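Novice: Sequence first, then the predicted structure:
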Amino acid sequence: MGGGSSRDSEEAADPLDLLPLVFARPAEALARARALLSSAPTPYDASIAHQVAGIWERDFGDLTVAIGHLRRACALGRRCGSPDREADALAALGVAVVYSGRTAQGLRVLDAGVTRGGGVTAARVRFRRGRVLWILGRHHEALDDLRHAVPVLREAGDTIWTARALTLRGLVHLSFGSTDHADRDFAAAERLWDLTHQDHDRSVAVWNRGAAAFRSGDLPTALRHLDEAARRFEALGTPSFGLAHDRCDVLLAAGLADEALQEADGATALLERMRGQTTTKAELLLVAAQAALAAGDADTAVARALAAIRLFASQRREWWEAHARLVLFRSRVATGSISGRLVRDIAALATRLSELRSPETVQASLLAGRVALALGWAEDADRHLAAAARGRHRGPAVARADGWLAEALRAMAAGRGRGVLSACRRGLDVLDEHRLALGASELRARATAQGAELAALAQRASLRPGNARALLDWSERWRATALAVPPTRPTDDQELLRETTAFREITSRVESARSAGTPAPALEREQRRLERAIRARTLRARSEGRTNGRPFEVRTLLDRLGDGRLVEIVGVDGDIHVLVCGGGRVRRFPAGRVAGAAAEIDHVRAGLRRLAYEATGRQDGRRAGARAAERFGLLEAGARRLQDMLLGPALRHLGDGPVVMVPPGRLHGVPWAALPALRDRVLGVSPSAGAWLRAGDVRPPLGAGVVLVRGPGLATGGAEVPRLAREYGEAMVLEDGTATASAVLKAIDGSLLAHIAAHGAFRADSPMFSSLRMDDGHLTVHDVERLSRAPYRIVLSSCDSGVLEPIGADELLGLAAALLPLGTAGVVASLVPVSDEAAVPLMVSLHDGLRAGLGMAEALRDARRALPGDPLHQATGWSFSAIGAA
């Protein structure tokens, strides 16, 4: 076989050129191998052709067919009397046999190949045996083979195989957690690949750089490399199931568990249809178990983990089996199944993972400590948690945070309150490093889930001394943190602009087809594809690493409030604690239970929706009026119950001035103005106290104007817009075909005040695709994030425009949440669908107050007061909130 030559041009006639070609242009190599076999080749040439066909089937097709080709290649190699030819074919066969799950037999075949070959051929066989040993988790043995192979290949000037060996050595280093060594090997391999035409191997090099970036904690870079590798593999027509596995790992780290589970299940199903590698199937089952556990489906996680363990055990892959057992134990703990035996099993597993030099050792020790704590085994818990805590000074940010969590749990068990707070502070600081590297607001929000337990421990520790200020400080430490970092604005990404424009067009066509009752499956598939593409591109964005404003300080908050009150609602262990800030003090009051309040919020919101919907179709005025009065009575009763659950005795301490409500993410859908004690108050809402302070620091842009937008399809035709245009005089008005998404974005960028009368659509399944309907389609949150500066004030007068989705630890995603870090100081928006007709007088009165110099909250209060007293208008007034501080 030739040394480092990459003789893979179409004109080359030497059959040896087919072997490098199968990793450069696999489909072409297969076609040429088949052509060679049909031309009465010599045994030597036929051996090569069968080996090429076998490699293609092994990596991209049917393993059973692959093994048949490779056995024939070995037999022909022996027949032609070439030890090197036979050895090379044996190496390919041994890999395929291991992939089929027959580990011992495959290794014997590889050993025979090492013995049979000599010089460069033996080094190439050692490389392939090293790859199999890496797959099996026998990393020290893999490194030993590579130590022998790399010098021989380098000395022979074998560019292709040296690059492959360096790539594999990098992967082994990754398994040990040595990301720096791995990246050096990957970089050296990539330089060698650039000297060749090995398109498939070059794609693998990009994939490996993504794996290294992931292990070092750089998720945006990892996603960028993995997406680029997937694009290259798709162009080559070669599916890569291992890439799907690594992408699942990254999605899990990003908090996208449901997507990771879907990707793993999809890849597993495709692999089974192709009768592909059982080794890869086991790995996909393992990552599916991890994804199911992260998604809260512990039973599915147990089933997938057990299936993975069975396959790994049959394949004699101890390293992988150990990691699958860790997922199994974590899943069983999540189901509530704990015992002394489980503690001992997890502890033994932690020891074995340490012997295997696995980065997951900290997770195993942490899990053993948790279970021991739950059983009351204080001494055992402390020993295991101490072992886990040793990981707090090394490794990626998430692993170090786990170490600090273990240290916090140790301190909590020992009654050392200061130790708990110190460990929690250090752990959250570590996660801040990780979070600030993420450019996509969705990734930052989801990433906070990794610090949720640290924040909860700190809150619990702050309760014990009754220090309300400390509880406020710790509640703010990990609440709405994504809003403190402006998103990376991809304004120069032309491909993203094309995709969002296409998505808007396709979505409009899909809606038109649905309205006409005409199925449009092709359009719907393209809509889903574009949505995935836009999301993938935004997730790859890197952060600029800066925050908006200074860290939260209680003293600054109290100074800013003056005679007003800020009420922060905190959930600790399911109990609601109300922190009333103002008058130079922070006081804490107990209230209801989080679960009960969440259920009552749903009931109140449903009551508001019913009044809005029934108003659009009433025919018998008397009967409809009676029904509306009955609905309204039920709504008021629910609002009183909700008030007691959320505020309790704190109601008596709200003073007479303005009130700002700061609920946790799970309780952010409260229509606060419906609560009896708040109906006649100047009432604002904010995702966090810190966000309220930052909004108050925003100054109105000098010389900026007013923009009025009227979208299509409104029941009233956006009747308030012409009247507002007359009142404001110099306002820019976009309507009747001029209110396109691009025109609206350009007009409102940096404006003083924007009023958008357009149908809103909230996407709970994908909040970043929540939208407002413009003349040319939907303007999404992704579009809004391209603004250089959001409007200083914005009014969204139609349905669902203020709905926010709680995710992560205590974060929010949605249209209103996207505006705040971009420079918006105040938003008025609805929390539920509203009657367009009833919203018109509310909006007109609101703008009367704004033109008179009132703030958003005060103008909205006065606008509610001016509404007619019937149930529909009152319910409409309660459906809107003033978010922010302007």
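Specialist: Okay, I see it.
Novice: show me the contacts for G571.
Specialist: Residues in contact with G571, defined by CB atoms under 8 Å, 6 or more residues apart in numbering, are 577, 594, 664, 666-667. In short, each C-beta sits where N, CA and C put it, glycine included.
Novice: Flag the least confident of these.
Specialist: In this model, the minimum pLDDT among these belongs to R666 (87).
Novice: how close does that one get to V578?
Specialist: 15 Å (CB to CB, to the nearest Å).
Novice: which of the two has more neighbours?
Specialist: Neighbour totals were compared for R666 and V578, and V578 leads with 22 against 14 (other CB atoms under 10 Å).
Novice: pLDDT-wise, which helix or strand of this protein ranks last?
Specialist: Confidence across the helices and strands of the chain bottoms out at helix 441-447, with a mean of 68, counting by mean pLDDT, DSSP states H and E.
Novice: Show me what secondary structure element comes after that helix.
Specialist: On the C-terminal side of helix 441-447, the nearest following helix or strand under DSSP states H and E is helix 452-463.
Novice: Quick check: buried residues in that following helix?
Specialist: Buried residues in helix 452-463, defined by neighbour count with 16 or more other CB atoms under 10 Å: 453-463.
Novice: Adding distance to G403, write these out as JSON lines.
Specialist: As requested, the buried residues of helix 452-463 are exported to JSON lines (distance: CB to CB, whole Å):
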{"residue": "E453", "distance to G403": "13"}
{"residue": "L454", "distance to G403": "11"}
{"residue": "A455", "distance to G403": "17"}
{"residue": "A456", "distance to G403": "18"}
{"residue": "L457", "distance to G403": "14"}
{"residue": "A458", "distance to G403": "16"}
{"residue": "Q459", "distance to G403": "21"}
{"residue": "R460", "distance to G403": "20"}
{"residue": "A461", "distance to G403": "18"}
{"residue": "S462", "distance to G403": "22"}
{"residue": "L463", "distance to G403": "25"}
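Novice: which one in the residues you listed is the model shakiest on?
Specialist: Among those, L463 has the weakest pLDDT, 86.
Novice: how close does that one get to L579?
Specialist: Taken as CB to CB, the span from L463 to L579 is 11 Å.
Novice: what is in contact with the two at once?
Specialist: L471.
Novice: can you map out the helices along the stretch 401-550 of the chain?
Specialist: 417-436, 441-447, 452-463, 468-477, 494-515, 521-539 (DSSP state H, counting those that start in this stretch).
Novice: now the longest one, how far from the chain's geometric center?
Specialist: Going back to what we said before, that points to helix 494-515. 23 Å (CA atoms, centre = their mean, to the nearest Å).
Novice: and it, what does it pack onto?
Specialist: On a contact count with 3 or more CB pairs under 8 Å, 6 or more residues apart in numbering; DSSP states H and E, helix 494-515 meets helix 521-539, strand 777-780.
Novice: Export those as JSON lines, with columns for distance to F60.
Specialist: Converted to JSON lines, these look like this (distance: least, CB to CB, whole Å):
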{"stretch": "helix 521-539", "distance to F60": "23"}
{"stretch": "strand 777-780", "distance to F60": "37"}
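Novice: now, of the ones you listed, which is deepest in the fold?
Specialist: Among those, ranked by average contacts under mean count of other CB atoms under 10 Å, first place goes to strand 777-780 (a mean of 23).
Novice: next SSE after that one?
Specialist: Next element after strand 777-780 (DSSP H and E): helix 781-784.
Novice: How about the contacts made by G665?
Specialist: So G665 contacts 479-480, 687, 804, 806-808, 810-812 (CB under 8 Å, 6+ apart).
Novice: ok, the closest residue to T278 other than its chain neighbours - contacts?
Specialist: Counting by CB to CB, 6 or more residues apart in numbering, T278 lies nearest to G101, which is 4.3 Å off, once chain neighbours are set aside. Taking CB under 8 Å, 6+ apart as the criterion, G101 is in contact with 278-279, 311, 314-315.
Novice: Report whether G101 is found in a helix, as I expect.
Specialist: No: using DSSP: H, G, I helix; E, B strand; the rest coil, the assignment for G101 is coil, not a helix.
Novice: related to what we said a few turns ago, the helices and strands packed on helix 494-515: which one's closest to E155?
Specialist: Closest approach to E155 among these (CB to CB): helix 521-539, 42.9 Å.
Novice: contacting residues around the next helix or strand after that closest one?
Specialist: Counting by DSSP H and E, the next helix or strand C-terminal to helix 521-539 is helix 554-561. Under the contact criterion CB under 8 Å, 6+ apart, helix 554-561 has outside partners 469, 472-473, 550, 566, 581-582, 584-586, 689, 693, 696.
Novice: For helix 554-561, output the C-alpha coordinates as CSV.
Specialist: Output in CSV follows, covering the C-alpha atoms of helix 554-561 (Å, rounded to 0.1, in the frame of the first residue of the first chain):
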residue,chain,number,x,y,z
VAL,A,554,-30.2,45.6,48.4
ARG,A,555,-29.2,49.1,49.5
THR,A,556,-29.5,50.5,45.9
LEU,A,557,-32.9,48.9,45.6
LEU,A,558,-34.2,50.5,48.9
ASP,A,559,-32.8,53.9,47.9
ARG,A,560,-34.5,53.8,44.5
LEU,A,561,-37.9,52.7,45.9
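Novice: Buried ones in that helix, by neighbour count?
Specialist: 554, 557-558, 560-561.
Novice: Same check on stretch 652-666?
Specialist: 653-654, 658-665.
Novice: Off-centre distance for that stretch?
Specialist: The answer for stretch 652-666 is 32 Å, by CA atoms, centre = their mean.
Novice: Doesn't A389 lie inside a helix?
Specialist: Yes: A389 sits within a helix when classified using three-state DSSP.
Novice: Would you confirm that it contacts D402?
Specialist: No: A389 is beyond contact range of D402, at 9.2 Å (criterion: CB atoms under 8 Å).
Novice: contacting residues for R232?
Specialist: Counting by CB under 8 Å, 6+ apart, R232 makes contact with 199, 202-203, 206.
Novice: That one sits in which helix or strand?
Specialist: helix 219-236.
Novice: counting contacts, what elements does the following helix or strand past that helix pack onto?
Specialist: Reading on from helix 219-236 to the C-terminus, the next helix or strand found by DSSP H and E is helix 241-253. Contacts defined by 3+ CB pairs under 8 Å, 6+ apart place helix 241-253 against helix 199-215, helix 219-236, helix 257-273, helix 278-294.
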